[in-house]
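Trainee: this one's sequence-less:
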């Protein structure tokens, strides 16, 4: 049997309908796309709500997530879901910024860990959104320690976002010290139309994999502001033993595809390469996340 590939579907992010009319925004629309994704081969599901990414108080309500997730968990009790975290909450204690992640982790099975700080928002045309201009998305070492420690206490698998090479070095140092709890999935985010981190090339991927190799941690790739399948990065990752993320949160390119179309492209690629998309049970086995009893 071929090794299954975890395909994550990130259904909306902060992408507005002015960019793509198919972006789901209400809890009902989000639930629809998550359920369709689960049926079509996605084994990790991610969404944002309409709480802004760049917010002054750092609070994201967990109730809209619950509304969107409830139909998914009713149909798929072992589904793996996780939320986002406010990027612009500068100076807000991590306990407040991460409170909704903590509340949702027992339901979704995953929790979000961002192990570093980064300037993000600059686009390829040289513009920066007003909300992103005042400062970086900031997570101190103390914040990172809190997120990993609470993941361990909650028995939640950490979805670890890697926006810059330094993020990965931090996560791997924590891992070598035994401070990364079981179930970790390293998310390698490459910058497309968003000018951050490394570009989506095989050379850039190799640089990350050189650092990752000794750890044995599972990993996936995504292109923020691009097309992870069309640019060839998804194929390069799958051939090297990785996993892949698609969806309207990340996508930029011609036309207005929906989440179903983007997911179908990733699943078709997985199958063309002689692999199969992982089920929820297989994704849990790959990550070492227990099935709910």
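Mentor: Yes, it's here. None of these values were measured; they are calculated from a predicted model.

Trainee: show me where pLDDT drops low in the stretch 151-293 of the chain?
Mentor: In the predicted model of the stretch 151-293 of the chain, residues 293 satisfy pLDDT under 70.

Trainee: can you map out the helices along it?
Mentor: Remark: helices assigned in the stretch 151-293 of the chain by DSSP state H, counting those that start in this stretch are 165-176, 202-212, 233-239, 259-272, 280-287.

Trainee: can you say which of these is nearest to residue 46?
Mentor: Ranking the helices of the stretch 151-293 of the chain by proximity to residue 46 (Cβ to Cβ) places helix 259-272 first, at 11.2 Å. For glycine as for every other residue, the C-beta is placed from the backbone atoms N, C-alpha and C.

Trainee: in terms of secondary structure, what does the closest one contact?
Mentor: If contacts are counted by 3 or more Cβ pairs under 8 Å, 6 or more residues apart in numbering; DSSP states H and E, helix 259-272 sits against strand 7-10, helix 27-40, helix 233-239, strand 243-246, strand 276-277.

Trainee: hang on, the earlier thing: for residue 85, which of the helices of the stretch 151-293 of the chain is the nearest?
Mentor: Nearest of the helices of the stretch 151-293 of the chain to residue 85, taken as Cβ to Cβ: helix 165-176 at 14.1 Å.

Trainee: need the helices and strands packed on helix 259-272 in TSV (columns: distance to residue 192).
Mentor: TSV is the format used below for these (distance: least, Cβ to Cβ, whole Å):
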stretch	distance to residue 192
strand 7-10	14
helix 27-40	21
helix 233-239	10
strand 243-246	13
strand 276-277	23
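
Trainee: reformat these as CSV; add distance to residue 94 and mean neighbour count.
Mentor: Converted to CSV, these look like this (distance: least, Cβ to Cβ, whole Å; neighbours: other Cβ atoms under 10 Å):
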stretch, distance to residue 94, mean neighbour count
strand 7-10, 23, 27
helix 27-40, 26, 20
helix 233-239, 30, 21
strand 243-246, 24, 28
strand 276-277, 34, 20
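
Trainee: compare the ones you listed and report which one is nearest to residue 265.
Mentor: Taking these one by one with Cβ to Cβ, strand 243-246 is closest: 7.1 Å.

Trainee: name every strand pairing with that closest one and say which way it goes.
Mentor: Neighbouring strands of strand 243-246 in its sheet, by DSSP bridges, are strand 7-10 (parallel), strand 219-224 (parallel).

Trainee: would you list those strands in JSON lines and tack on distance to residue 133?
Mentor: Formatted as JSON lines, these follow (distance: least, Cβ to Cβ, whole Å):
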{"stretch": "strand 7-10", "distance to residue 133": "24"}
{"stretch": "strand 219-224", "distance to residue 133": "18"}
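
Trainee: which one of those lies closest to residue 81?
Mentor: Evaluated over the strands paired with strand 243-246, closeness to residue 81 peaks at strand 7-10, with 10.3 Å, by Cβ to Cβ.

Trainee: what distance do you get for residue 65 to residue 27?
Mentor: 8 Å (Cβ to Cβ, to the nearest Å).

Trainee: which neighbours do these two share?
Mentor: residue 49 (Cβ atoms under 8 Å, 6 or more residues apart in numbering).

Trainee: about what we covered before: residue 154 is nearest to which of the helices and strands packed on helix 259-272?
Mentor: Judging the helices and strands packed on helix 259-272 by Cβ to Cβ, what sits closest to residue 154 is strand 7-10, at 20.5 Å.

Trainee: the strands in the stretch 101-250 of the chain, which residues?
Mentor: 110-113, 157-162, 185-191, 219-224, 243-246 (DSSP state E, counting those that start in this stretch).

Trainee: a markdown table please, covering the ones you listed and showing distance to residue 287.
Mentor: Output for these, formatted as a markdown table (distance: least, Cβ to Cβ, whole Å):
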| stretch | distance to residue 287 |
| --- | --- |
| strand 110-113 | 9 |
| strand 157-162 | 6 |
| strand 185-191 | 6 |
| strand 219-224 | 11 |
| strand 243-246 | 10 |
